[in-house]
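J.: mind looking at a prediction? Sequence and model below.
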Amino acid sequence: MPESSVADIKTVTAVMDRGVDMEKAGQLIFERQGSGFPLVLVHGYLAGAGIWREQFEFFRDRFDVLAPNLPGFGDSAHLTAPDTIPEFAEQVLDGLQEQGVERFHLLGHSMGGMIVQSMAARAPQRIASLVCYGTGPVGALPDRFETIETSRRRLETDGMEKTVRRIAATWFLDGDASGGYEECVDLGLKASMQAALASLSAWETWDGRPDLSAIAADTLVVWGDRDRSYGWPQPEALWRGIANSSLAVVPGCAHNVHMEKSSLFNTIIGDFLPTTP
């Protein structure tokens, strides 16, 4: 059997296993709850829409909350992930149009924060307010707990499960003893190896600093002061580089502030976002 036929069969099988409508097999899978003005939540590396569980519960009474599973991750794991941040951004923008969403508030975490910066620079008329959370404008991540090349090598040698467990532990102040750790591991294990590797390549080639001046939306930068993925120079560069920006530093948190101090995180975001922009 030709290799292309084998690949097609594997894709169809993956789609069926996830209960995805075959007519929508090529589209991003969104989680959507609530009503009101749209609020879009974009997850980061080795995650999925399910990472926003507590944010859905908090915001669905005042917003139409949508969270895409990025290609290759979560319930979109059957899709091939691009290897550039702008391509991720275009897929999310296109997916929102398929959802009938034209203008929206936008929040992105980690790699998702890179993606939302690219979205805001490319489609400023569609973004009412922007939240860049646990992220920065440079993909090479000079202050990350390990280099991108180390992550790539360990992915290839250790495999997905060991890598997911190791990286997810860095997202919490208490490591693998954190209450949200196993939830992150479960989401991370849905990702494809292709997406895990392609995303690392996307970071390496991305520099969003030239686009910061094109971001017109009121912007909130959120950062946990014990973040091991993005050191202070990264959120500082966003705060100083985006014209209409404010900064919230959350003490005693690592990378996943929205899980470590969910009530405080939700309050900060809710205070920033107008319900009727």
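T.: Perfect, I can see it now.

J.: buried set for stretch 207-224?
T.: For stretch 207-224, the neighbour count (16 or more other CB atoms under 10 Å) marks 208, 211-212, 215, 217-224 as buried. Heads up, the C-betas are built off the backbone N, CA and C, glycines and all.

J.: list the contacts of the nearest residue to Ala214 once chain neighbours are set aside.
T.: Nearest non-adjacent residue to Ala214, counting by CB to CB, 6 or more residues apart in numbering: Ala121, 4.3 Å away. Neighbour list for Ala121: 208, 211-212, 214-215 [criterion: CB atoms under 8 Å, 6 or more residues apart in numbering].

J.: which helix or strand contains Ala121?
T.: helix 111-122 (DSSP states H and E).

J.: with just CA atoms, put the helix or strand where Ile268 lies into CSV.
T.: Per DSSP H and E, Ile268 falls inside helix 262-272. Coordinates of the C-alpha atoms in helix 262-272 are reproduced here as CSV (Å, rounded to 0.1, in the frame of the first residue of the first chain):
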residue,chain,number,x,y,z
SER,A,262,-7.1,30.6,39.3
SER,A,263,-9.3,33.0,41.4
LEU,A,264,-6.8,35.8,41.3
PHE,A,265,-6.0,35.2,37.7
ASN,A,266,-9.7,35.2,36.7
THR,A,267,-10.3,38.4,38.7
ILE,A,268,-7.4,40.2,37.1
ILE,A,269,-8.6,39.2,33.6
GLY,A,270,-12.3,40.0,34.4
ASP,A,271,-11.4,43.4,35.7
PHE,A,272,-9.4,44.2,32.5
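
J.: chain center to that helix: distance?
T.: Helix 262-272 sits 18 Å away from the centroid of its parent chain (CA atoms, centre = their mean, to the nearest Å).

J.: now do that helix: everything it contacts.
T.: By CB under 8 Å, 6+ apart, helix 262-272 touches 54-55, 58-59, 62, 107, 129, 131, 220, 222, 246, 248, 250, 257-258.

J.: what two of the residues you listed have the greatest distance between them?
T.: Glu54 and Ser246 (22.6 Å; CB to CB).

J.: out of those two, which sits in the more crowded spot?
T.: Taking other CB atoms under 10 Å, Glu54 and Ser246 do not tie; Glu54 has more neighbours (15 against 12).

J.: what number of residues lie near the residue nearest to the more buried one when sequence neighbours are not counted?
T.: Leaving out its chain neighbours, the residue that sits closest to Glu54 by CB to CB, 6+ apart is Ser262, at 4.4 Å. Ser262: 17 surrounding residues under other CB under 10 Å.

J.: cool, and the one 5 residues further on?
T.: Each residue near Thr267 was counted by other CB under 10 Å, and the total is 12.

J.: quick check, pLDDT for it.
T.: You'll see Thr267 listed with a pLDDT of 98.

J.: and it, how far from Val250?
T.: Going from Thr267 to Val250 by CB to CB, to the nearest Å gives 11 Å.

J.: which residues touch Val250?
T.: Counting by CB under 8 Å, 6+ apart, Val250 touches 222-225, 257, 261, 264-265, 268.

J.: which residues of the chain fall in helices?
T.: Counting by DSSP state H, residue ranges of the helices within the chain are 3-17, 53-59, 85-98, 111-122, 148-158, 160-169, 181-188, 193-204, 233-241, 257-260, 262-272.

J.: how many neighbours does the nearest residue to Phe58 once chain neighbours are set aside have?
T.: Leaving aside its sequence neighbours, Phe58 sits nearest to Asn266 (CB to CB, 6+ apart; 4.3 Å). Neighbours of Asn266 under the rule other CB under 10 Å: 16.

J.: so that it lines up with my notes, have the first residue be 16 from now on.
T.: Taking 16 as the first residue, the last one we looked at is Asn281.

J.: how far away is Asn281 from Cys199?
T.: In terms of CB to CB, Asn281 sits 18 Å off from Cys199.

J.: now swap in His273 and tell me
T.: From His273 to Cys199 the distance is 11 Å (CB to CB).

J.: between those two, which contacts overlap?
T.: By CB under 8 Å, 6+ apart, the residues touching both His273 and Cys199 are Ile66.

J.: let me see the mean pLDDT of stretch 240-256.
T.: Across stretch 240-256, the average pLDDT comes to 96.
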